[in-house]
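# structure for the following, please:
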Amino acid sequence: MVDSGKQRAASYAACKTALLIAQVDASIALDSLEQIRNFGVLSNQRVSELNDLAGRLDERYFDLQDQDELNLDLQVKALYFFSQARAITAVAFAGGADALTAAMEAIYEALMAVADDGHEINNAVLEALGKDPIG
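Just a heads-up that it's a prediction; the model follows:
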């Protein structure tokens, strides 16, 4: 079993990588990630704020996705919002009180944020756990 410190480190690594790949520059997400690194948890209010932001991004995703399924530019933009929402949701989960649940949920959301590039998330998590990255 991995101790809670390693679980927190894995959550942080997954979120940091997801935010980078999804090109999230929202200060609330970046500040929250820093709080997780320093304190391991987020306040309920901060988690709520992150979830609100992710919800707004999801709305933009759905709006664009519904506009024209054949318009590749719109679909790419929709996926951009989807990825950002998932990365921010990962941060919200990572700040949870229970380290194991936080790690499982945050890593899952981080992987969804970068669906085609999960390799980088996996390697960030493995490195945080002190394990060798996958080729």
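# which non-adjacent residue is nearest Gly55?
Ala85 (7.7 Å; CB to CB, 6 or more residues apart in numbering). (C-beta placed from N, C-alpha, C; glycine too.)
# so that neighbour sits against Glu59, correct?
No: counting by CB atoms under 8 Å, Ala85 sits too far from Glu59 to count as a contact (9.0 Å).
# roughly how far apart are the residue nearest to Gly55 and Ala78?
From Ala85 across to Ala78, the span is 11 Å (CB to CB, to the nearest Å).
# what do you get for Met112?
With CB to CB as the criterion, Met112 and Ala78 are 14 Å apart.
# compare neighbour counts for Ala85 and Glu59 and give me the winner.
Set Ala85 next to Glu59 and count neighbours by other CB atoms under 10 Å: Ala85 wins out with 25 against 12.
# so, low pLDDT: which residues of this protein?
For the chain, the stretches flagged by pLDDT under 70 are 1, 133-135.
# residue boundaries of the helices in it?
Counting by DSSP state H, the chain has these helices, from start to end: 4-21, 27-39, 44-67, 72-94, 99-113, 118-128.
# for the residue nearest the centre of the chain, give me its contacts.
Centroid-nearest residue in the chain: Ala87, 2.7 Å away (criterion: CA atoms, centre = their mean). Taking CB atoms under 8 Å, 6 or more residues apart in numbering as the criterion, Ala87 is in contact with 15, 18-19, 21-22, 24, 29, 109-110, 113.
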